[in-house]
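[1] I'll drop the sequence and a predicted model, then ask my questions.
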Amino acid sequence: MERQIINKKKRVFSVEPNKIPPSEVFTRKYTSHLVPALKKLNMNKNSSQVNQLTVKHEVDMALALSAQEFAWSRFLLQKLSSSNNPTTATSSSSNGIRIQERSGKEGGGDEDGEIEEKLRELQKLLPGGEEMNVEEMLSEIGTYIKCLELQTIALKSMVQDTT
Amino acid sequence: MDPPLVNDSSFSPANPSSYTLSEIWPFPVNDAVRSGLRLAVNSSPSDKDVSTAAAAAAAAEESTVTDLTAGWGGRKARALNSEEDESSKMVSLSSSGNEVKDSGDKKRKLCGSESGNGDGSMRAEGETSSGGGSKATEQKNKPEPPKDYIHVRARRGQATDRHSLAERARREKISEKMTALQDIIPGCNKIIGKALVLDEIINYIQSLQRQVEFLSMKLEVVNSGPSTGPTIGVFPTGDLGTLPIDLHRNIYEQQQEGNESRGSHPEWLHMQVDGSFNRTT
């Protein structure tokens, strides 16, 4: 049965060697980082307290480690290793408030100013976005979105498989 | 008196005439970068040429590494390619005026078409390329300003001094990237206008981040075993040890089906995890 699954996966790969589709590469790396980390967490759960922060931390760490070609992963790693605070949680809530404010005052605002404001907000969403200039950030955002999508798929499968 | 320098020069890397693609870079290279390299090599050989060829080889290396990324390797290769174009434009200053003009045109055109091809070949999902946007700007036939320096097409009625040229190039790059983002984000193709597209992007990223948070919460519940789960019936624990094999299959199948999660997103927000869980958002 396992052999069948592995063979089925092999048929997917293209004929050329070293040409694994990049989404597969990312997903493999991600799961290979996250699953052992979660197992370790599970083992240690009696000794240290398990709260949301540690799982989220592991999730983010796995994301950063599996996507090391990109600039934002470096920033994410920095953030993770330097602080244990839930920075992502607070930023997402503050951004929610910001969007409502913005739509309220649209009216006769300067068009370019609006766009710039939105770009700035985008920068806040991307880890390390504030240290990049606009062009760089736009290219990094694409890869970040792709990796986030793959991450959600991976997490969903993990949750489904174990429930 | 001097010993023939054949030994030294044949092995030295600073031998401009011996530069061919296969010698610099034995690995297969993206089309976009190969044409950039060819452009650099075709100009008159000089010291600057060596550096652009070497830089293009470095760009080739970088771009094959980043080629592994889904479609975004093309972006970087093209960004590097356009940089190479500008520097090789500088190099061809030494040739005559007509030659410069023609090569300037060619380079712009090649950049436009290569972006189309590069997109087509490098997109993992086969979406429509955004090369159309850059081609549209090329097709404005305007008189070429007779200058000795960089030959860039100027649109009618717009200033042609250096600052606005640079700014215009920068703006074009930004809008190119925005169209690329539009391809990635679902439902963004029909939206016109930078502000709205940016809005969509922001919302999409936020919803993705929220999904990840929610999923990690769920994962934590599953992970922590029957002793801390809210109701044993609702969340039976699984064995993470058997995870990897099935996991890859499921993940792959889900990728094939496409993302259905976007439509069901509101469901998740309302899903009650019976117990004392507080969402942090």
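    Structure received. Treat the numbers as computed from the prediction; the structure is a model and nothing was measured. Numbers count the residues shown, from 1 in each chain, chains lettered A, B, ... in the order given.

[2] Could you say which helix or strand holds residue A:57?
    helix A:52-66 (DSSP states H and E).

[3] got it, and residue A:38?
    Residue A:38 belongs to helix A:22-43 when assigned by DSSP H and E.

[4] quick one: average confidence on that helix?
    The predicted model gives helix A:22-43 an average pLDDT of 73.

[5] other SSEs contacting it?
    Here helix A:22-43 touches helix A:52-66, helix A:134-162, helix B:194-223, helix B:243-257, going by 3 or more CB pairs under 8 Å, 6 or more residues apart in numbering or on different chains; DSSP states H and E. Heads up, the C-betas are built off the backbone N, CA and C, glycines and all.

[6] Measure how it sits relative to helix A:52-66, angle-wise.
    150 degrees (axes from the mean of the first three to the mean of the last three CA atoms, to 10 degrees).

[7] Convert helix A:22-43 to CSV, retaining C-alpha atoms only.
    C-alpha atoms of helix A:22-43 as CSV (Å, rounded to 0.1, in the frame of the first residue of the first chain):
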residue,chain,number,x,y,z
PRO,A,22,8.9,23.9,-6.7
SER,A,23,5.6,23.6,-4.8
GLU,A,24,6.5,20.0,-4.1
VAL,A,25,9.9,21.0,-2.9
PHE,A,26,8.5,23.5,-0.5
THR,A,27,5.8,21.2,0.8
ARG,A,28,8.3,18.5,1.5
LYS,A,29,10.7,20.7,3.3
TYR,A,30,7.8,22.2,5.3
THR,A,31,6.4,18.9,6.4
SER,A,32,9.8,17.5,7.2
HIS,A,33,10.4,20.4,9.4
LEU,A,34,7.1,20.7,11.1
VAL,A,35,6.2,17.1,11.9
PRO,A,36,9.3,16.2,13.9
ALA,A,37,9.0,19.6,15.7
LEU,A,38,5.4,18.8,16.7
LYS,A,39,6.4,15.3,17.8
LYS,A,40,9.1,16.8,20.0
LEU,A,41,6.6,19.2,21.4
ASN,A,42,4.3,16.4,22.1
MET,A,43,6.9,14.5,24.0
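
[8] Please identify the buried residues of it?
    For helix A:22-43, the neighbour count (16 or more other CB atoms under 10 Å in any protein chain shown) marks A:22-31, A:33-35, A:37-38, A:41 as buried.

[9] Figure out which of the helices and strands packed on helix A:22-43 is closest to residue B:173.
    In terms of CB to CB, the element of the helices and strands packed on helix A:22-43 nearest to residue B:173 is helix A:134-162, at 5.8 Å.

[10] for that closest one, which positions count as buried?
    A:134, A:136-159, A:161-162.

[11] What pLDDT does the model give the closest residue to chain B within chain A?
    Of all residues in chain A, the one sitting closest to chain B is residue A:162 (2.6 Å; CB to the nearest CB). Model confidence at residue A:162, given as pLDDT, is 72.

[12] Could you list the low-pLDDT ranges of chain A?
    A:1-19, A:42-53, A:83-110, A:163 (pLDDT under 70).

[13] mind redoing it with 80?
    A:1-59, A:62, A:66-69, A:80, A:82-112, A:129, A:161-163 (pLDDT under 80).

[14] next one: the stretch 151-281 of chain B
    Counting by pLDDT under 80, the stretch 151-281 of chain B shows low-confidence ranges at B:151-160, B:187, B:219-281.

[15] sorry, back to before: relative orientation of the helix holding residue A:57 and helix B:194-223 in degrees?
    120 degrees.

[16] and residue B:186, backbone torsions?
    Backbone torsions of residue B:186, given as degrees, to the nearest 10, read phi -70, psi 140.

[17] wait, does stretch A:123-143 contact chain B?
    Yes - against chain B, stretch A:123-143 shows contacts by CB under 8 Å from any CB of the partner chain at A:125-126, A:134-135, A:138-139, A:141-143.

[18] I'd like those as a markdown table, with distance to residue B:174 appended.
    Shown next, in a markdown table, are the residues of stretch A:123-143 next to chain B (distance: CB to CB, whole Å):
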| residue | distance to residue B:174 |
| --- | --- |
| A:125 | 18 |
| A:126 | 16 |
| A:134 | 6 |
| A:135 | 6 |
| A:138 | 7 |
| A:139 | 10 |
| A:141 | 12 |
| A:142 | 13 |
| A:143 | 17 |
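
[19] From those residues, pick the one nearest residue B:211.
    residue A:125 (14.0 Å).

[20] Grab the nearest non-local neighbour of that closest one.
    The shortest distance from residue A:125 to any non-neighbouring residue, by CB to CB, 6 or more residues apart in numbering or on different chains, is to residue B:205 (5.0 Å).

[21] quick revisit: show me which pair in the residues of stretch A:123-143 next to chain B is furthest apart.
    Pairwise distances among the residues of stretch A:123-143 next to chain B were taken by CB to CB; the largest, 16.8 Å, belongs to A:125 and A:135.

[22] hang on, the earlier thing: tell me the angle the helix holding residue A:57 makes with helix A:134-162.
    Using the same axes, to 10 degrees, helix A:52-66 lies at 120 degrees relative to helix A:134-162.

[23] my read: residue A:147 touches residue A:67, true?
    Yes - Residue A:147 lies in contact with residue A:67 (CB atoms under 8 Å); the separation is 5.0 Å.

[24] what do those two both touch?
    Taking CB atoms under 8 Å, 6 or more residues apart in numbering or on different chains as the contact rule, residue A:147 and residue A:67 both touch residue A:26.

[25] Tell me the backbone dihedrals of residue A:132, please.
    Per degrees, to the nearest 10, the backbone of residue A:132 is at phi -100, psi 160.

[26] I'd assumed residue A:71 was in contact with it.
    Yes - taking CB under 8 Å as the definition, residue A:132 is a contact partner of residue A:71 at 6.9 Å.

[27] So for those two, which residues contact both of them?
    By CB under 8 Å, 6+ apart, residue A:132 and residue A:71 have these common neighbours: residue A:140.

[28] Quickly find the element holding residue B:187.
    Counting by DSSP H and E, residue B:187 is found in no helix or strand.

[29] need the contact list for it.
    Going by CB under 8 Å, 6+ apart, residue B:187 touches residue B:200.

[30] Next one: it from chain A, what distance?
    In this view, residue B:187 and chain A are 13 Å apart by CB to the nearest CB, to the nearest Å.
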